[in-house]
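Novice: Prediction below, plus the sequence it came from.
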Amino acid sequence: MNSAPAASATASLEDPFYYLANFRYVVAWVLARHSDLLRADEHDVLQQWLTLPKPSQALLVRMVMRKGELFRVDKLSYAEIGDTHKALAPLLARGWVEDAPELNVAELFKLLRLSELRLALNRQQQALDLPPNATKTALQAAVTPVLTDSHPLRQWWPTATTSIVRLNVMALCDRLRLMFFGNLRQDWAEFVLTELGLQRFEQVPLTGESRAFQHRDEVDTYLALHRLRERLENGEPPEQLACEVPAASGNRWLDARRSRLLLTLGQTAERSGDAQQALSCYAESNNSEARIRRLRVLERLGRYQEAYELAQSALAQAGESEAQALGRLLPRLARKLNQPAPLATSAAEAPTYVLELPGPQPVERAVAEHFTAPDAPVFYVENGLLTGLFGLLLWPAIFKPLPGAFFHPFHSGPADLYREDFVRQRQADIDACLAQLDDGRYHASMLSTWHAKQGITSPFVHWGILTEPLLTAALTCLPAAHLRACFTRLLSDLKHNRAGLPDLIQLVPDAPAGKPRYRMIEVKGPGDRLQDNQRRWIDFFCRHEMPVEVCHVRWQPKG
């Protein structure tokens, strides 16, 4: 089991045990690449599992791939597995599945049907004077306050016609999934979607050193942060969870996840009115949005001097998005403290007009239809054109097989895409791609990539938007200098700058005087206004003399 797994990552769906083959693939992958991150007892579980009869292996995997850890045995019926009880026996014997687990009221109501609940809780229903035909919701609301203990199903319902089991190895299986994918967002469905052809991924060469985690404590930290977020979503108070947030580890991407969790905890506390807890979470989070939230809370509390000093300190290292927010905060704080107003640079504004159209209807479509012409088509692109062109040109740099960037066959993009050193790690490759804009090679290069990589998942190329007619017209009409400027801005902050681009673009390949031209149009419906990221892009376009305009739509009066 210490050899690297086979190259193919998915089993044929014609095999009724396809899911078992996929799970075995992950186990082999983890044992080959992450063996040192598993404890001896975890190794033992995996090795024992591999020796079980095939139906027992398959039943465990079926349970792992379902939601939750509690299952009715009568629902664990699979044709390829056969006798459920026989397959279950080795799992029960090893303690990987627990027979007769204790259930609380919420779990009981989740597992049983209404008719079964009425039998199980008949005495309580009568004692609470509930009508015999009470709904499941009404019954649960009535018994929850009085039934606070947990019991096995047979104690709840002595004549139960089914039994309940609990899966006890889900924590280990989540750990395997995390070490394979590098996140818990992706799951076992990736294998099926790939086999069905619904998802295709770039085939990046992987080595034995290609893995998401280097140390076990990194896996532990990720799992701890994930569980805290789950508990927050389930309603636990942020002040309790904040005390359990792991300390910063020095691992940049894990510390970024930690900062985002603290931001979310702070926002939850702020919404509930606990300003002090919110401030504590925001202060501990090294996240630009958390810094702005902290300043706004301080301003609301009247702590102007503290907010002013923090804002000035943040401004020195702020990116575009944070600087924009600070540019609004600082003048207000300066006025409160009778300080000189900071010098502000006004954002450039695009030509703006109002268009009255029949409606209501989707505003982007209405404006596109209004302006489009046979020799000047209008395309709805939003964030799909410039980012798509960027993705095509920089495809070799984006999918460069660097250590820590790709470590399994299902990456839509590099794992370090939004990390601070993404560009620095690939600077020479990025420069080589951008150089094609200077000598004209980019036309053929981007068209070639569009054909060669068609349908492969990319963080920037949305194939449904970037059609071949749009691509060829855009390459004809958009000057290389404009593309280079836009791509350079994207690279300066990929996370924030990939959004906020104009909704429409009109391309005129056969313009008079033989000079192709284009214009970008940001569309705003009734009551809508420009968002901050849109304002930043418009300011950029105007300063670089790129044609952009803002169209406000007003619906024509009926009749």
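Specialist: It's in. These figures come from a predicted structure and were not determined experimentally.

Novice: next helix or strand past the lowest-mean-pLDDT helix or strand in the chain?
Specialist: For the chain, the helix or strand with the lowest mean confidence is helix 189-195, at a mean of 76 (criterion: mean pLDDT, DSSP states H and E). Heading C-terminal from helix 189-195, the first helix or strand you meet, by DSSP states H and E, is helix 216-233.

Novice: thinking Val97 is in contact with Leu167, fair?
Specialist: Yes - between Val97 and Leu167 there is a contact at 5.9 Å, judged by CB atoms under 8 Å. In this view, the C-beta of every residue, glycine as well, is placed from N, C-alpha and C.

Novice: which neighbours do those two share?
Specialist: Common neighbours of Val97 and Leu167 (criterion: CB atoms under 8 Å, 6 or more residues apart in numbering): 60, 63.

Novice: higher neighbour count, the two?
Specialist: A side-by-side neighbour count of Val97 and Leu167, using other CB atoms under 10 Å, places Val97 first with 25 against 20.

Novice: Look up the closest residue to the more buried one, ignoring the ones flanking it.
Specialist: Leu91 (4.1 Å; CB to CB, 6 or more residues apart in numbering).

Novice: hang on, the one you found packs against Leu59?
Specialist: Yes - Leu91 is within contact range of Leu59, at 6.8 Å (criterion: CB under 8 Å).

Novice: quick one: low-confidence parts of the stretch 401-550 of the chain?
Specialist: 513-514 (pLDDT under 70).

Novice: any chance you could map the strands in it?
Specialist: 504-508, 517-524, 548-555 (DSSP state E, counting those that start in this stretch).

Novice: mind listing what the second one pairs with, with the direction of each?
Specialist: Read it as strand 517-524. For strand 517-524, the pairing partners within the sheet under DSSP bridges are strand 504-508 (antiparallel), strand 548-555 (parallel).

Novice: I'd like the distance from the last one to the chain centre, please.
Specialist: By that I understand strand 548-555. 31 Å (CA atoms, centre = their mean, to the nearest Å).

Novice: Tell me which residues of it come out buried.
Specialist: 548-553 (16 or more other CB atoms under 10 Å).

Novice: quick one: terminal-to-terminal distance for stretch 61-74?
Specialist: End-to-end distance for stretch 61-74, by CA to CA, to the nearest Å: 17 Å.

Novice: Tell me the helix or strand right after the top helix by length along the chain.
Specialist: Criterion DSSP state H: the longest helix present in the chain is helix 252-271. Going down the chain from helix 252-271, the next helix or strand is helix 275-284, by DSSP H and E.

Novice: and that next one with helix 252-271, angle?
Specialist: 160 degrees (axes from the mean of the first three to the mean of the last three CA atoms, to 10 degrees).

Novice: Tell me the helices and strands packed up against the least confident helix or strand of the chain.
Specialist: Contacts defined by 3 or more CB pairs under 8 Å, 6 or more residues apart in numbering; DSSP states H and E place helix 189-195 against helix 18-33.

Novice: and the helix it packs on, what other elements does it pack with?
Specialist: helix 40-51, helix 54-64, helix 170-181, helix 189-195.

Novice: Nearest to Leu491, out of the ones you listed?
Specialist: For Leu491, the closest of the helices and strands packed on helix 18-33 is helix 170-181, at 26.3 Å, according to CB to CB.

Novice: buried stuff in that closest one?
Specialist: 172-181.

Novice: export that helix as CSV, just CAs?
Specialist: Taking Å, rounded to 0.1, in the frame of the first residue of the first chain, the C-alpha atoms of helix 170-181 are listed here in CSV:
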residue,chain,number,x,y,z
MET,A,170,-16.1,9.7,10.2
ALA,A,171,-13.4,11.8,11.8
LEU,A,172,-10.7,9.6,10.2
CYS,A,173,-12.5,9.6,6.8
ASP,A,174,-12.8,13.4,6.9
ARG,A,175,-9.1,13.5,7.6
LEU,A,176,-8.4,11.3,4.6
ARG,A,177,-10.6,13.5,2.4
LEU,A,178,-8.9,16.7,3.7
MET,A,179,-5.4,15.3,3.0
PHE,A,180,-6.4,14.2,-0.5
PHE,A,181,-8.3,17.3,-1.6
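
Novice: Tell me what angle it forms with helix 40-51.
Specialist: Going by the same axes, to 10 degrees, helix 170-181 makes 90 degrees with helix 40-51.

Novice: helix/strand/coil for the residue nearest the centre of the chain?
Specialist: For the chain, Arg185 is the residue whose C-alpha lies nearest the centre (CA atoms, centre = their mean; 7.0 Å). Counting by DSSP: H, G, I helix; E, B strand; the rest coil, the backbone at Arg185 sits in coil.

Novice: Extract the CA atoms of the strand or helix carrying Leu91 and return them as CSV.
Specialist: Assessed by DSSP H and E, Leu91 sits inside helix 84-93. C-alpha atoms of helix 84-93 as CSV (Å, rounded to 0.1, in the frame of the first residue of the first chain):
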residue,chain,number,x,y,z
THR,A,84,-26.8,-5.6,5.3
HIS,A,85,-26.6,-7.3,8.7
LYS,A,86,-23.9,-9.7,7.5
ALA,A,87,-21.9,-6.8,6.0
LEU,A,88,-22.4,-4.8,9.1
ALA,A,89,-21.1,-7.4,11.5
PRO,A,90,-17.3,-6.9,11.0
LEU,A,91,-17.8,-3.2,11.3
LEU,A,92,-19.7,-3.5,14.6
ALA,A,93,-17.1,-6.0,15.9
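
Novice: So which residues make contact with it?
Specialist: By CB under 8 Å, 6+ apart, helix 84-93 touches 52-53, 55-56, 58-60, 73, 76-78, 81, 97-99, 165.

Novice: Can I get the buried part of these as one ChimeraX selection?
Specialist: Selecting only the buried entries of these in ChimeraX, with 16+ other CB under 10 Å as the criterion:
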select :52,55,56,58,59,60,76,81,97,98,165
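
Novice: Surely Asp255 and Pro246 touch.
Specialist: No - contact criterion CB under 8 Å: Asp255 and Pro246 do not qualify, at 9.8 Å.

Novice: Sketch out the low-pLDDT regions of the stretch 1-150 of the chain for me.
Specialist: 1-11.

Novice: I'd like to know how many residues surround His370.
Specialist: Neighbours of His370 (other CB under 10 Å): 13.

Novice: Run a quick neighbour tally on Ala275.
Specialist: Ala275 has 15 nearby residues by other CB under 10 Å.

Novice: And for the closest residue in space to Glu322 that isn't next to it in sequence, the neighbour number?
Specialist: Leaving aside its chain neighbours, Glu322 sits nearest to Ser288 (4.3 Å; criterion: CB to CB, 6+ apart). By other CB under 10 Å, the residues close to Ser288 number 20.

Novice: same deal with the one 10 residues further on?
Specialist: Applying the criterion other CB under 10 Å, we find 22 residues in the vicinity of Leu298.

Novice: got a list of what it touches?
Specialist: By CB under 8 Å, 6+ apart, the neighbours of Leu298 are 279, 304, 306-307, 310.

Novice: now it, what's its secondary structure?
Specialist: helix.

Novice: pLDDT wise, what is it at?
Specialist: At Leu298, the model reports a pLDDT of 97.

Novice: From here on, call the first residue 689.
Specialist: Renumbered: residue one is now 689, and that last one reads Leu986.
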